[in-house]
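Trainee: Based on what follows, work out the 3D shape:
(one chain, ligands or ions: 1)
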Amino acid sequence: MDANEIAAGRERWQQRYDKAHKRVADFTTLSGVEVEPLYGPAEGVDYPGFERIGWPGEFPFTRGLYPTGYRGRTWTIRQFAGFGNAVQTNERYKLILGAGGGGLSVAFDMPTLMGRDSDDGRSLGEVGHCGVAIDSAADMDVLFGGIDLQKVTTSMTISGPAVPVFCMYLVAAERQGADLSKLDGTLQTDIFKEYIAQKEWLFDPEPHLRLIGDLMEYCAHNIPKYKPLSVSGYHIREAGATAAQELAYTLADGFGYVELGLSRGLDVNLFAPGLSFFFDAHVDFFEEIAKFRAARRIWARWMRDVYGATSEKAQWLRFHTQTAGVSLTAQQPVNNVVRTAVEALSAILGGTNSLHTNALDETLALPTDESAEIALRTQQVLMEETGVINVADPLGGSWYVEALTDKIEAEAEAIFQRIKERGTDGTITSGILRGIEDGWFTSAIADSAYTFQRALEEGDKRIVGVNCHTGTIAKDLEIMRVSHEVEREQVKLLQARRADRDQATVDAALKRMIDISRTEANMVPAMLDACRAEATLGEICDALRGEWGVYREPARF
Ligand SMILES: CC(C)(COP(=O)(O)OP(=O)(O)OC[C@H]1O[C@@H](n2cnc3c(N)ncnc32)[C@H](O)[C@@H]1OP(=O)(O)O)[C@@H](O)C(=O)NCCC(=O)NCCSC(=O)CCC(=O)O
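Mentor: Residues are numbered from 1 along each chain as shown. Reported below is the predicted structural model:
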């Protein structure tokens, strides 16, 4: 790009920056030096390839979505939390919000994630353990008791039974008197990554995609700010993928959902802002920053050039980040605070929109109140003390970071090509479905995990406390344990609620939902009715399993 074009770009950025809302804050260094909101190339000098870097707030968004960076608004502190029953988790949410958390993020227990009730035989021993137990809309009422759902943005991490759980959330909001059309939040819903990495599916891909299409359509028309999908690389990375694989598989999954929306005749400018992303921040600091910057650039280009999105919001890649659970060590666990801080900093320098920092004991158990507070404070130290929020994309133009950004982008593009070629009809979706069916993704991730483990065992990669610097004076941590009493209580409560409700209304609502599943009509309204009648998650999912069967992963050796 020549010097004149660069100067014109700077002028465009300046005009947008001047008009934008800025936080009232001190934008000087600790020593009192005034800093600019943005730094760019020297004036009067050509910069070949600068169009790939550009300006914050404009295509290709490498440097961020907003001309103001974090001067306009800092990222949302969104700590993923849930354990025991709805009462216990509600208390934790109030603690998080009271301590300065900016949004909520629900962690469900394994039975809920698999669409099973707490009294299902398969749930035994799992109720309330890795998250909160939710059986029906009545539990959602308790979960969000005293929290105004119209005011707080809530993320719910669930994919297999995402749609019925979303309906329960809507019923709880409705009972609070909220205007549903004003709700804002995120539902994970990303079923592709379940087959690729996380393994919490219910049905074959086809019925899942039908439900997701219904949800996208329902939200685009009725709850425009709600993000019905959080396309997730986190679990792919945690399963052992490289940074480039995480990036490419996640964005490919995102393209798959765009193709789904288009196949339903939806307007890309209407539904694409509802696609949000979720990445891992691993411990290789610069590689992660490059990954986040490349993600925005690739997404914007594909959305504009391949899928025809014309509005900026439809080209924006907005993402949540969680620091890497897999980088935490059980050995010398207090060191995990350091890892988490470094990872969080990479997410911030990469321009994350929302962030979860892991607690130091998360490799051992769910966090205690104290470790959860340290995790939250880690974000606050970075936000309030370090000055990293004063300048948009402070690493833009770094030779190293730009080279890494280009490299990871090129690797991702090569992977998209491979996915496309593996499909049968030129779409990304068909390549993804084939890759799920024949285990292409899982094998590639397993190979990467094996390569890393070998390097670790040979000492080429080092982890403090694990394969180097292992001597310690550290004592064992007190960890949180969820009592099995929670399960007994939850089962009792569920059975009392079942006895209390109008069974004929539940039966009729479930029947209607199944009747609609046999048509092309949107299933969300019927599912909402079933949740209003207090049908349980297990009952809704069992009715659907009766209709659609269950998915079994093909055996592979
Ligand atoms: C889009 C995101 C990423 C973030 O949404 P948020 O509401 O927090 O933030 P946001 O949309 O970026 O910002 C809120 C509003 O402020 C505006 N805004 C932001 N920055 C601005 C700026 N500088 N200038 C002007 N406006 C700005 C935005 O446009 C938006 O308004 P408008 O809306 O008007 O534009 C969402 O999807 C989200 O919260 N995701 C969280 C997902 C999550 O928590 N997952 C947990 C997974 S945990 C898991 O999977 C388990 C892993 C494990 O096993 O441990």
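Trainee: any idea how far the residue of the stretch 401-550 of the chain found nearest the ligand lies from A99?
Mentor: Going by Cβ to the nearest ligand atom, the ligand is nearest to M480 of the stretch 401-550 of the chain, at 15.1 Å. (C-beta placed from N, C-alpha, C; glycine too.) Separation of M480 from A99 (Cβ to Cβ, to the nearest Å) stands at 17 Å.
Trainee: Could you look up the SS state of the nearest residue to A535 once chain neighbours are set aside?
Mentor: Take A535 and drop its neighbours on the chain: the residue closest to it by Cβ to Cβ, 6 or more residues apart in numbering is V506, 4.9 Å away. In three-state terms, and counting by DSSP: H, G, I helix; E, B strand; the rest coil, V506 is helix.
Trainee: Near the ligand, which residues of the stretch 1-150 of the chain are found?
Mentor: 20, 66, 68, 72-73, 76, 78, 80, 103, 105 (Cβ under 6 Å from any ligand atom).
Trainee: just the stretch 201-350 of the chain next, same as before
Mentor: Where the stretch 201-350 of the chain comes near the ligand, counting by Cβ under 6 Å from any ligand atom, the residues are 225, 227, 230, 234, 276, 278, 318-320, 322, 325.
Trainee: Out of the residues of the stretch 1-150 of the chain next to the ligand, which end up buried?
Mentor: Buried by 16 or more other Cβ atoms under 10 Å: 66, 68, 72, 76, 78, 80, 103, 105, out of those.
Trainee: returning to what we had before: nearest spatial neighbour of the residue of the stretch 401-550 of the chain closest to the ligand, chain-adjacent residues omitted?
Mentor: M480's closest residue in space is T368 (Cβ to Cβ, 6+ apart), at 4.7 Å.
Trainee: residue ranges for the helices of the stretch 151-300 of the chain, please.
Mentor: 162-176, 192-193, 205-222, 234-238, 243-263, 268-271, 285-301 (DSSP state H, counting those that start in this stretch).
Trainee: how about CSV for those helices, with mean pLDDT, mean neighbour count and distance to K199 added?
Mentor: Formatted as CSV, these follow (pLDDT from 0 to 100; neighbours: other Cβ atoms under 10 Å; distance: least, Cβ to Cβ, whole Å):
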stretch, mean pLDDT, mean neighbour count, distance to K199
helix 162-176, 98, 24, 15
helix 192-193, 98, 27, 10
helix 205-222, 98, 20, 13
helix 234-238, 98, 26, 9
helix 243-263, 98, 24, 15
helix 268-271, 98, 19, 27
helix 285-301, 98, 24, 24
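Trainee: Which one, of those helices, ends up nearest to R462?
Mentor: Nearest to R462, of all the helices of the stretch 151-300 of the chain, is helix 285-301, at 15.1 Å by Cβ to Cβ.
Trainee: list the contacts for the residue nearest to the spatial centre of the chain?
Mentor: Centroid-nearest residue in the chain: F278, 3.2 Å away (criterion: Cα atoms, centre = their mean). Contact partners of F278, counting by Cβ atoms under 8 Å, 6 or more residues apart in numbering, are 188, 190, 230-234, 319-322.
Trainee: so which of the buried ones among the residues of the stretch 1-150 of the chain next to the ligand comes closest to D529?
Mentor: When these are ranked by distance to D529 (Cβ to Cβ), S105 comes first, at 27.6 Å.
Trainee: Just say helix, strand or coil for the residue nearest to G435 when sequence neighbours are not counted.
Mentor: Of all residues not flanking G435 in the chain, F441 sits nearest, at 4.8 Å (Cβ to Cβ, 6+ apart). Here F441 is recorded as helix under three-state DSSP.
Trainee: what's the first-to-last distance across stretch 108-119?
Mentor: From its first residue to its last, stretch 108-119 covers 16 Å (Cα to Cα, to the nearest Å).
Trainee: Name the nearest residue to the residue of the chain found nearest the ligand, sequence neighbours excluded.
Mentor: Nearest residue of the chain to the ligand (Cβ to the nearest ligand atom) works out as G72 at 2.5 Å. Leaving out its chain neighbours, the residue that sits closest to G72 by Cβ to Cβ, 6+ apart is Y66, at 5.1 Å.
Trainee: isn't there a helix covering the one you found?
Mentor: No: checked against three-state DSSP, Y66 lies outside a helix; its state is coil.
Trainee: And Q490, how far from A133?
Mentor: Distance from Q490 to A133, by Cβ to Cβ: 5 Å.
Trainee: Mind listing the shared neighbours of those two?
Mentor: 85, 118, 127.
Trainee: Buried ones only from those, please, as a ChimeraX command.
Mentor: Buried subset of the shared contacts of Q490 and A133, written as a ChimeraX selection, criterion 16+ other Cβ under 10 Å:
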select :85,118,127
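Trainee: Tabulate the shared contacts of Q490 and A133 (JSON lines), appending secondary structure and distance to Q14.
Mentor: Compiled in JSON lines, these are given as follows (DSSP: H, G, I helix; E, B strand; the rest coil; distance: Cβ to Cβ, whole Å):
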{"residue": "N85", "secondary structure": "coil", "distance to Q14": "53"}
{"residue": "S118", "secondary structure": "coil", "distance to Q14": "57"}
{"residue": "V127", "secondary structure": "coil", "distance to Q14": "56"}
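Trainee: wait, doesn't D117 sit right on L537?
Mentor: Yes: using Cβ atoms under 8 Å, D117 is in contact with L537, at 6.4 Å.
Trainee: Give me the common contacts of the two.
Mentor: Common neighbours of D117 and L537 (Cβ under 8 Å, 6+ apart) are D135.
Trainee: buried set for stretch 533-543?
Mentor: 533-543.
Trainee: where do the strands sit along this structure?
Mentor: Using DSSP state E, the strands of the chain run over 76-81, 103-107, 154-157, 185-187, 229-232, 275-281, 319-323, 354-356.
Trainee: quick one, phi/psi of the closest residue to E457 other than its chain neighbours?
Mentor: Using Cβ to Cβ, 6+ apart and skipping the chain neighbours, the partner closest in space to E457 is N467 (7.6 Å). As for N467, its main-chain torsions (degrees, to the nearest 10) stand at phi -120, psi 10.
Trainee: Can you report how many residues neighbour N467?
Mentor: Here the number of neighbours of N467 (other Cβ atoms under 10 Å) works out to 15.
Trainee: What residues does R52 make contact with?
Mentor: Counted by Cβ under 8 Å, 6+ apart, R52 has contacts 60, 62, 297, 406.
Trainee: Ranking by neighbours, what's the top pick from those?
Mentor: T62 (26 neighbours).
Trainee: and the gap between that residue and V334?
Mentor: From T62 over to V334 (counting by Cβ to Cβ), the distance is 36 Å.
Trainee: now stretch 16-32: how far from the chain's centre is it?
Mentor: Its chain's C-alpha centre and that of stretch 16-32 lie 29 Å apart, by Cα atoms, centre = their mean, to the nearest Å.
Trainee: I'm done for today, thanks for sticking with me.
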